[in-house]
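S.K.: got a predicted model here, sequence first, then my questions.
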Number of protein chains: 2
Amino acid sequence: MYGLLLKTRLKPGACDAFMDAMRVNAAASVRDEPGCLTFDVLRDRSDADLVWLYEVYVDEAAFEAHMRTPHFLASRPLVEPLIESQEAIEADLLALNPSR
Amino acid sequence: MYGLLLKTRLKPGACDAFMDAMRVNAAASVRDEPGCLTFDVLRDRSDADLVWLYEVYVDEAAFEAHMRTPHFLASRPLVEPLIESQEAIEADLLALNPSR
């Protein structure tokens, strides 16, 4: 399984607008993509403009497919102007426990 | 909800032994603790000795309770000698989508 942590620095004060678009994309990804297992969004307690996306896909092909979905493509023009910078951490899942 | 990302640098070559103990703790946490919603472990693709723990609790009290469980306490003497350093990133969940 392919895990992605996206450390995302937002423009100051942009978190609410970012989440309006990101909530839709995250929920649709897990609901509609058989290859997307998890898509959570967290706000860093040390910095209100720093959010982390946590995504898990069955493999990299499933992530490539994610980037071709209507919900992903619709979110891009909404979120891109709100992002200052983004760092991608790629990882392999060693343990994935079903969430409650 | 309270999210915790633990960036964990292991001693060189210690990942297998670390996971022997951490798999048990992670699975038991989600299975046995009503307040633990997620507990995943990832290995960074850029560095085989770098793992990330991703944990979600209903609140900080649930995380305090986690640290008093038998499975957490049993794991500590097994994993502590294998950890070089650990950085805790505390966060609030903005979106938690049920994993498949």
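M.R.: Looks like it came in fine. Numbering: from 1, shown residues only, chains lettered A, B, ... in the order given.

S.K.: spatially central residue for chain A, please.
M.R.: Compute the mean C-alpha point of chain A, and by CA atoms, centre = their mean the closest residue is residue A:53, 4.0 Å away.

S.K.: am I right that that one is in a strand?
M.R.: Yes - per DSSP: H, G, I helix; E, B strand; the rest coil, residue A:53 lies within a strand segment.

S.K.: now the element after the lengthiest helix in chain A, going C-ward?
M.R.: The residue-count maximum for a helix in chain A (DSSP state H) belongs to helix A:15-32. The first helix or strand that comes after helix A:15-32 along the chain, using DSSP states H and E, is strand A:36-44.

S.K.: how about that next one and chain B, any contact?
M.R.: Yes - Strand A:36-44 lies within reach of chain B by CB under 8 Å from any CB of the partner chain, at A:37-44. Placement of C-beta: from N, CA and C, glycine included.

S.K.: mind checking how far residue A:83 is from residue B:96?
M.R.: Residue A:83 is 21 Å from residue B:96, where distance means CB to CB, to the nearest Å.

S.K.: comparing these two, which shows the higher neighbour count?
M.R.: residue B:96 (20 against 15; other CB atoms under 10 Å in any protein chain shown).

S.K.: touching, the more buried one and residue B:56? I think so.
M.R.: Yes - Residue B:96 is in contact with residue B:56 according to CB atoms under 8 Å; the separation is 6.5 Å.

S.K.: quick one: low-confidence parts of chain A?
M.R.: Along chain A, the parts satisfying pLDDT under 70 run over A:100.

S.K.: grab the longest strand from it for me.
M.R.: Ranked by residue count under DSSP state E, the longest strand found in chain A is strand A:83-95.

S.K.: could you check the angle helix A:15-32 makes with it?
M.R.: 40 degrees (axes from the mean of the first three to the mean of the last three CA atoms, to 10 degrees).

S.K.: who touches both of residue B:96 and residue B:56?
M.R.: A:40, A:99, B:1, B:37-38 (CB atoms under 8 Å, 6 or more residues apart in numbering or on different chains).

S.K.: still on that earlier bit, and the residue lying closest to the residue nearest to the centre of chain A once chain neighbours are set aside, how many neighbours?
M.R.: Residue nearest to residue A:53 in three dimensions, not counting chain neighbours: residue A:6, with 4.0 Å by CB to CB, 6 or more residues apart in numbering or on different chains. Using other CB under 10 Å, residue A:6 has 15 other residues around it.

S.K.: list the contacts for residue A:96?
M.R.: A:1, A:37-38, A:56, B:40, B:99.
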